[in-house]
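# Here is the input, now give the coordinates:
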Amino acid sequence: MSEIRPKQLGNRLQTDTDDLLVLDIRHTEEYDDWHIPDSINVDVYDELANNPNTAKEALATLPDGKEIVTVCAAGVVSQTATDVLEELGYEAATLTDGMNGWSRVHRSAPVPTTLDGTLVQVARPGKGCLSHVLISDGEAAMFDPSHYLEEYEEILDDHDAELVSVFDTHAHADHVSGGAELAERHGVPYYLHSKDALAIDATPVEDGETVEVGSVAIEVIHTPGHSEGSVSFDIDGEALVTGDTLFHESVGRVELGVEAGIEDSDAEANAATLYESLQRLLDRPDDVVVLPAHDPGSPEPPVTATLGEVRERNTDLERDREAFVETLASDIPDHPPNFERVKRTNVGQEDVPDDELSELELGPNRCAAE
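Model prediction:
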């Protein structure tokens, strides 16, 4: 059986794309919804599942001279595709666990700053998620970590740093946070605003509070709207960790908490609240680096932009209050998959078994307003 591990594929896509062809054999609508960047789609899923020989005609048209990596949802039917391709004379391998495996890939890179320390961005290209690690004077803080904790443990080891605090900007709707578990493992505080920590053991953060990590000060800015407990973090005036409040080219959605049944509000009220929260962030200096919790594409770290650049690129920020509220409250895009259960898990109202976490959060990121 010829297979390639997700992390190995991720590394190769950074270095030798000329020799590699990623072939997604899922149904076209699934591919259009969520896929590996630069992959191609040949919708032969049903043929491969029912009678593999009927897929040969379509697969025989693929270009020669490239190694083909086959992809499906879980790496089962794509293994049949690999077998057929090898019969046709192609060099082929199956992506282990398919898109499920791709969702686990993490990449990291330092964020350029003049902080008295190091700021590392961790990107999860299969989910569009971004998290951050601050290291200063041998101490470390995590912001918005995924539940794949080994990725963050490696960063601590690489920098010989001791974890002293874990922060979540809000209760996420697209992925399960690893924040509480990571903090418990290291015996350190897990910081989450009380409005989002509905049934979870967390150290509450309050607007204007400052937390020290090494010689770096982290200021808490309560920026509700996307969720009632959304906060942003000003890291020594150099960087703004904005969660899902402010993206580089959009802003956070305003109805997810309401529709998940955990907020006693409505989309219009949340949009008005978000507008006011954004004004607080826009008062910061233009040269501060904006670090959101998501990027709509398949992020290659570091994904950064100054606040001045965000002002120029982000059309949501050009609307007056009335237009902003009307647009966000009325134009509701498709929801993130399983967002209700993900939200309830992150506020502590639902306990999902470890072996179900990956499947629960499979699918595209849809936390930005469109």
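
# Could you list the buried residues of stretch 77-95?
For stretch 77-95, burial by neighbour count (16 or more other CB atoms under 10 Å) applies to 77-85, 90, 92-95. Placement of C-beta: from N, CA and C, glycine included.

# Check the average confidence over it, would you?
Taken as a whole, stretch 77-95 has an average pLDDT of 96.

# Give me the residues contacting the lengthiest helix in the chain.
Ranked by residue count, the top helix of the chain under DSSP state H comes out as helix 267-282. The contact list for helix 267-282 (CB atoms under 8 Å, 6 or more residues apart in numbering) reads 221-226, 230, 232, 240, 242, 245-246, 251-252, 254-255, 257-258, 263, 307, 311, 317, 321, 324-325, 328-329, 332.

# Of these, which count as buried by neighbour count?
Neighbour-count burial (16+ other CB under 10 Å) is assigned, among those, to 221-226, 230, 232, 240, 242, 245-246, 251-252, 254-255, 257-258, 263, 307, 317, 324-325, 328-329.

# Surely Pro125 is in contact with Ser298, unless I've mixed up the numbering?
Yes: at 4.0 Å, Pro125 and Ser298 qualify as touching, with contact defined as CB atoms under 8 Å.

# Mind checking which of the contacts of helix 267-282 land in helices?
Reading helices off the contacts of helix 267-282 with DSSP H, I get 257-258, 307, 311, 321, 324-325, 328-329.

# the helices in the protein, which residues?
Assignment of helices within the chain using DSSP H yields the ranges 6-15, 28-33, 45-50, 56-59, 77-87, 98-102, 150-158, 179-186, 256-259, 267-282, 307-313, 321-330, 339-346, 354-360.

# mind listing what's buried in the third one?
The one in question is helix 45-50. 45, 47-48.

# Centre of the chain to that helix, how far?
On the basis of CA atoms, centre = their mean, to the nearest Å, helix 45-50 sits 31 Å off its chain's mean C-alpha point.

# Same check on the first one?
Centroid separation for helix 6-15 versus its chain: 18 Å, with CA atoms, centre = their mean.

# Would you mind measuring from Val211 to Ser136?
12 Å (CB to CB, to the nearest Å).

# who's the residue nearest in space to the middle of the chain bridged to?
The residue lying closest to the centre of the chain (CA atoms, centre = their mean) is Cys129, at 1.4 Å. Legend: beta-bridge partners of Cys129 under DSSP bridges are Arg124, His294.

# pLDDT value on it, please?
At Cys129, the pLDDT recorded in the model is 94.

# wait, isn't it in contact with Asp174?
Yes: using CB under 8 Å, Cys129 is in contact with Asp174, at 7.4 Å.

# Now do the contacts for Thr118.
Thr118 touches 110, 134-136, 159, counting by CB under 8 Å, 6+ apart.

# Tell me which residues touch Val325, please.
Here Val325 is in contact with 268, 271-272, 275 (criterion: CB under 8 Å, 6+ apart).

# Kindly report the same for Ala199.
Neighbouring residues of Ala199 by CB under 8 Å, 6+ apart: 347-349.

# residues contacting the residue nearest to the centre of the chain?
Neighbour list for Cys129: 123, 144, 146, 174-175, 293-294, 365 [criterion: CB under 8 Å, 6+ apart].

# Tell me, how many residues neighbour Val71?
Here the count is done by other CB atoms under 10 Å, and Val71 has 25 residues near it.

# go on, Gly187?
7.

# ditto for Thr61
Counted with other CB under 10 Å, Thr61 comes out at 7.

# just Asn270 next, same as before
If we define neighbours as other CB under 10 Å, then Asn270 has 27 of them.

# From Leu328, how far out is it?
In terms of CB to CB, Asn270 sits 8 Å off from Leu328.

# hey, what's in contact with both of the two?
Both Asn270 and Leu328 are contacted by Val254, under the criterion CB under 8 Å, 6+ apart.

# thinking again about what came up before, among the contacts of Cys129, which pair sits farthest apart?
Spanning the widest gap among the contacts of Cys129 are Ala123 and Asp174, at 14.3 Å by CB to CB.

# what sits up against the lowest-mean-pLDDT helix or strand in the chain?
Sorting the helices and strands of the chain by mean pLDDT, DSSP states H and E puts helix 354-360 at the bottom, at a mean of 79. With contacts defined as CB under 8 Å, 6+ apart, helix 354-360 is touched by 100, 103-104, 147, 176, 338, 341-342, 345, 352.

# Contact partners for Val84?
So Val84 contacts 48, 52-53, 55-56, 59 (CB under 8 Å, 6+ apart).

# Quick check: chain neighbours aside, which residue is closest to it?
Pro52 (5.3 Å; CB to CB, 6 or more residues apart in numbering).

# what pLDDT does the one you found get?
At Pro52, pLDDT is 96.

# Does it touch Thr82 like I think?
No: the pair Pro52 / Thr82 is not scored as a contact, 10.7 Å apart, by CB under 8 Å.

# And the helices of the chain: which comes nearest Thr203?
Comparing these by CB to CB, helix 179-186 comes nearest, at 8.6 Å.

# Quick check: buried residues in that closest one?
Buried-residue list, helix 179-186, by 16+ other CB under 10 Å: 179-183, 186.
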